[in-house]
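K.L.:
Got a sequence here, can you build the structure:
(2 chains)
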Amino acid sequence: MRYEAPQSIDDAVRLLAAGAGAHVLAGGTDLLVKLRAEMVEPEVIVDIKRIAGMKEITAEGGGWRIGAAVSGAEMSEHAGLAASWPGVVEAAALIGSTQVQGRATLAGNLCNASPAADSVPAMVAAGAVARIAGPKGMRDLAVIDVPKSPGKTALEPGEFIASVFLPARGERSGDAYLRFIPRTEMDIAVVGCGVALSLDAGGKVSAARVALGAVGPKVILVEAAAETIRGRTLDEAALADLAAACSAAATPIDDKRGTVDFRRHVSGVLARRAAVIAEARAKGEKA
Amino acid sequence: MALDQTGKTRDFKVVGTRPNRPDGIDKVTGRARFGADIVAPGMLTGRILRSPHAHARILRIDASKAEALPGVKAVVTRADFGDVPDHVADIMDNCMAGAKALYDGHAVAAVAANSAAVARKALRLIEVEYEVLPSVTDVDAAMRPGASVLHEGRQQETVPGGMSGNVISRVEFGHGDIEAGLKRADRVVTRIYRTAATHQGYIEPHACLATMGPDGQADLWVCTQGHYMVRNTCAAILGMEQGQLRVTASEIGGGFGGKTTVFLEPVALMLSRKAGRPVKMVMSRTEVLRATGPTASTSIDVKIGMRKDGKITAAFAELRYQGGAYPGSPVDMGSMSAFAPYDLENVKTVGWDVVTNRPKAAAYRAPGAPMAAFAVESAIDELAKGFGLDPLEVRLMNGADKGTRASYGPTYPAIGLKATLEAARAHPHWKAPLGENQGRGVACGFWFNFGGDTCVSLNVTPDGTVNVSEGNPDIGGSRASMTMMAAEELGIPYDQVRTIIADTGSLGQNEVTDGSRVTFAVGLATIEAARAAKREMCRRAAMVWGIDEDAVEWEDGAARPAGPNAGKFPPMTLKEIAAIASNSGGPIAGHHEVNAEGAGVSFATHMVDVEVDPDTGATRILRYTVFQDAGKAVHPSYVEGQFQGGAVQGIGWALNEEYIYDKDGILQNPGFLDYRIPVASDLPMIDTVILEIPNPGHPYGVRGVGETSIVPPLAAIANAVSAAAGVRMVQLPMSPPRILAAMQGRGRA
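P.N.:
Here you go, the predicted structure:
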């Protein structure tokens, strides 16, 4: 096994394109676990942390560009980012332990392609876009299109995610992410739900994106949930419709972490609770 | 050995204080050496190949390609061990499968190689041909006629004909007439309760380093709860004399009963014998969960009759425990302990020991008792609530006391059950208000406690400090406790005594650290060893003073003339006597060897408040208080730690922990991500109340405290959750999907 730490995106792409046995190392919180579990035996590990920009959070067009090696802890400490997209930052902050937070990255969470990844529904709700470097240059791909199925992404050989872009938040907008786990921390989502919404001047929902995690082979953007609350104030009836739409959209399986019935039900419960938080944030209330 | 009769409350100087633990600095600085922390020159890495099938006949093992791989120094299969004595045959088979692999993860071969990478590669080169057989992992399914049978010819005569061969034995305890008692009841509750298999969850995986020379002498460094047991077991399996195998216990990162047997050790010794090199083996977490001993899963019927005033008229339980792939589930202890807290006229328990395609159950903290208590204490709670009675009062009314004939036979001497119930009733927790979706539960628990073979040697150094050598790995602070008892007895400060865990070459036989026996039995032997040393020091002083040795007594760390008639001599301190030891006959030591009896049973009452989220079924533990009899708390912080630790393991068992198998008997959650022990943020601070009802069988009144604390929590939490959720929970774990489904089914039931 060889370790490489290229200084440029081009060098990293060259190393990754050279063979199928190359793995990207950013935080390493998934890769090292897989190495220890003997799930992977890489020929070469390409550490991207020394490439310029990978550790940076930069303002761009009213939004934020987050380098592929920025850790969850660094995101939590970034006041501007946390003010714009508290739901995404909180989702990233739920991954692993305090120690893992010092390493784990948004891009890594996305590329691990786990259906239960915490940051992914939050990013999808936020309309995040991944910037991908590869042998043919750079391309942008909506985060929702990156995971294909458990463990599989849309990345081509030689490609890696260089950054994730969170767009401008917009007026009277807020987001939130909640997950259900049997414990209080150090666990994996049984259901996750990200909600981003905007309100009109009258307090009615003008736009919304609702995404579910861990209830399908990949993240689910629930268009029907957004549709049902658009143009309405989030009263009890609207929240009940939102919950029902999410329960209906979930396509979970029975496994060691939960049952189909439980996951469908809790999809609705979390959507309702996350929407209430997102609405409060959109109104500028503390939540 | 009886409680010292002092005629008044004894005035302890060291016992009952809270000094720093002697192993503390090493553990917080990383200097302490655990199982995997030792290396030897020329050491090889040992790895085990494990069965991917839950039940399969092993038709052929071909290791020739692995043996030919450069860097591989030895390959071991069952054939290398030959025949072993009957008393270790199941242990042998569990360490290395013979004719059949009996569970997912069962060891089938092992290699020793120059590096972990080579060893890993070698495992993949070993060809094993299996004939896969139907498997069974559920206890009730395994008992059904027609179930796939693990072992032919193991069923004992206690089992009636016509039952599945997986039912190994039947036990029965009790007295009185159940049917007559039930007729006098105003209400009878009959329910089936189920509990899942749970693992001890120790953080340190099993690890050892074995070295065997061509002369047949061997040394083994190992993480274990009993290195004498390891020595005796390995010697029998390897065909060695016990005296040729020296075993040294490492520091231990948790055991909770799970390290009271062997898994890697005989294999490491065999690899070392074949390779002629030291071999180190360390399990991964996955191996620990797949192939070491969790506790039994159970299915328990309970039938209890109660009068409307709360008096229990009859109590019956039938307990079915699967203990994994070999006979020996703890159903006997479950059957004995189920009704032990109560004074009952009519009581009976029947227990069934059942084998399944799971790893063999190992001891887990009060083995067998928590599941039985879950069933019994849930039923008592349901009856009490049904009559609108206070559950503490009902337990006080029926509670066992001095003179009660226990359901399992003996008549109790002084015990502390009622003291714990009275303390619970008087505690502010009992009257604290509860909010919406919250519930409170209480339950009692019992554990036998144990004594057993024990050896202690106490040596006085020339400068008058004291070394205590004992033979029981320190899993719960016993070095501190032994140091304290030696200092107490000798009348010297705590920091003048250092206690070590000696290797098997240094002391006689010592029983495993189990049964909450160490503070009791090793403490007793330590006190006796100190008394022997004191007698010797009094003799030396008498010699110096030229008086009769009977005229000298030991008080406050010094020999003194026993009375005015003995003569007027200034006291000789321990240090002064140590200084003249060489010139007065030689070194000074005391030792004591005993098969300790009189361990003294222990009782606890637990009280817990929970909140259940009505939308998700998630349970939060809000408040928890443990009331337990310690006899005499030698180091109260450690006693509190034992109370808290048992409660926390019980919380995990009650709410989330379980072995999950698929239909083919493959374990689905062999890791701490999906085998959910509680994390710190899941827990409130566990409050503790120590009761001290002296054990009549120990000089200071000490009772074991380590195990009783895990007996009540399953039931206490189930009672609290049932109150909060408005539905009786009868199956563990009470995971959120299970609670939510129960709450949603409430209206339909």
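
K.L.:
Hmm, B:E127 and B:K65 touching each other?
P.N.:
Yes. Here B:K65 reaches B:E127: they are 7.3 Å apart, a contact under CB atoms under 8 Å. Quick note: C-beta positions are derived from backbone N, CA and C, even for glycine.

K.L.:
Below-threshold pLDDT in the stretch 51-200 of chain A: ranges please.
P.N.:
Nowhere does the stretch 51-200 of chain A drop to pLDDT under 70.

K.L.:
Residue numbers of it in contact with chain B?
P.N.:
Contact residues, the stretch 51-200 of chain A versus chain B (CB under 8 Å from any CB of the partner chain): A:F180, A:P182, A:R183, A:T184, A:E185, A:M186, A:D187, A:I188, A:V190.

K.L.:
Relative to B:P614, which of those residues is nearest.
P.N.:
Of all these, A:F180 has the smallest distance to B:P614: 13.9 Å, by CB to CB.

K.L.:
Hmm, A:A189 and that closest one touching each other?
P.N.:
Yes. Because the distance of 6.8 Å satisfies CB under 8 Å, A:F180 is recorded as touching A:A189.

K.L.:
The stretch 151-300 of chain B: strands as residue ranges?
P.N.:
For the stretch 151-300 of chain B, the strands defined by DSSP state E, counting those that start in this stretch cover B:167-175, B:187-195, B:207-212, B:218-222, B:245-249, B:279-282, B:297-306.

K.L.:
which one of the ones you listed lies closest to B:A315?
P.N.:
strand B:297-306 (4.8 Å).

K.L.:
To what extent is the closest residue to B:P160 other than its chain neighbours buried, counted in neighbours?
P.N.:
Spatial nearest neighbour of B:P160, excluding adjacent residues (CB to CB, 6 or more residues apart in numbering or on different chains): B:R170 at 7.8 Å. When neighbours are counted by other CB atoms under 10 Å in any protein chain shown, B:R170 registers 18.

K.L.:
what does the one 10 residues further on give?
P.N.:
By the measure other CB under 10 Å, the count of residues near B:A180 is 12.

K.L.:
That one: what's it in contact with?
P.N.:
B:A314, B:N346 (CB atoms under 8 Å, 6 or more residues apart in numbering or on different chains).

K.L.:
Distance of it relative to B:G305?
P.N.:
As judged by CB to CB, to the nearest Å, B:A180 and B:G305 stand 10 Å apart.

K.L.:
My understanding was that B:I580 contacts B:V544; is that so?
P.N.:
Yes. If you go by CB under 8 Å, B:I580 and B:V544 touch, sitting 7.0 Å apart.

K.L.:
and chain B, what are its domains?
P.N.:
B:24-32+B:451-596, B:35-133+B:205-252+B:259-291, B:297-449+B:600-744 (automatic domain parsing).

K.L.:
Tell me where the stretch 301-450 of chain B has strands.
P.N.:
B:312-322, B:347-354, B:438-447.

K.L.:
Repeat that for chain A.
P.N.:
For chain A, the strands defined by DSSP state E occupy A:2-4, A:22-25, A:44-47, A:57-60, A:63-67, A:129-134, A:137-142, A:147-149, A:152-153, A:160-166, A:173-180, A:191-199, A:205-213, A:220-221.

K.L.:
name the helices or strands packed onto the last one?
P.N.:
Based on contacts counted as 3 or more CB pairs under 8 Å, 6 or more residues apart in numbering or on different chains; DSSP states H and E, the elements that strand A:220-221 packs against are strand A:205-213.

K.L.:
tell me what the strand it packs on is packed against?
P.N.:
In this structure, strand A:205-213 packs against helix A:119-126, strand A:191-199, strand A:220-221, helix A:223-229, helix A:236-249, helix A:260-282, with contacts taken as 3+ CB pairs under 8 Å, 6+ apart.

K.L.:
swap the cut-off to 10 Å and go again
P.N.:
If you count contacts as 3 or more CB pairs under 10 Å, 6 or more residues apart in numbering or on different chains; DSSP states H and E, strand A:205-213 packs onto helix A:119-126, strand A:173-180, strand A:191-199, strand A:220-221, helix A:223-229, helix A:236-249, helix A:260-282.

K.L.:
That strand: which residues count as buried?
P.N.:
A:V205, A:S206, A:A208, A:R209, A:V210, A:A211, A:L212, A:G213 (16 or more other CB atoms under 10 Å in any protein chain shown).

K.L.:
which residues touch the residue in the stretch 351-500 of chain B that chain A sits nearest to?
P.N.:
Residue nearest to chain A within the stretch 351-500 of chain B (CB to the nearest CB): B:N437, separated by 14.3 Å. Contact analysis of B:N437 by CB atoms under 10 Å, 6 or more residues apart in numbering or on different chains lists B:V610, B:E611, B:V612, B:D613, B:P614, B:D615, B:R620, B:A724, B:A725, B:G726.

K.L.:
Can I get the strands of the stretch 301-450 of chain B in a markdown table including distance to A:L221 and mean neighbour count?
P.N.:
Shown next, in a markdown table, are the strands of the stretch 301-450 of chain B (distance: least, CB to CB, whole Å; neighbours: other CB atoms under 10 Å in any protein chain shown):
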| stretch | distance to A:L221 | mean neighbour count |
| --- | --- | --- |
| strand B:312-322 | 46 | 25 |
| strand B:347-354 | 49 | 25 |
| strand B:438-447 | 37 | 27 |
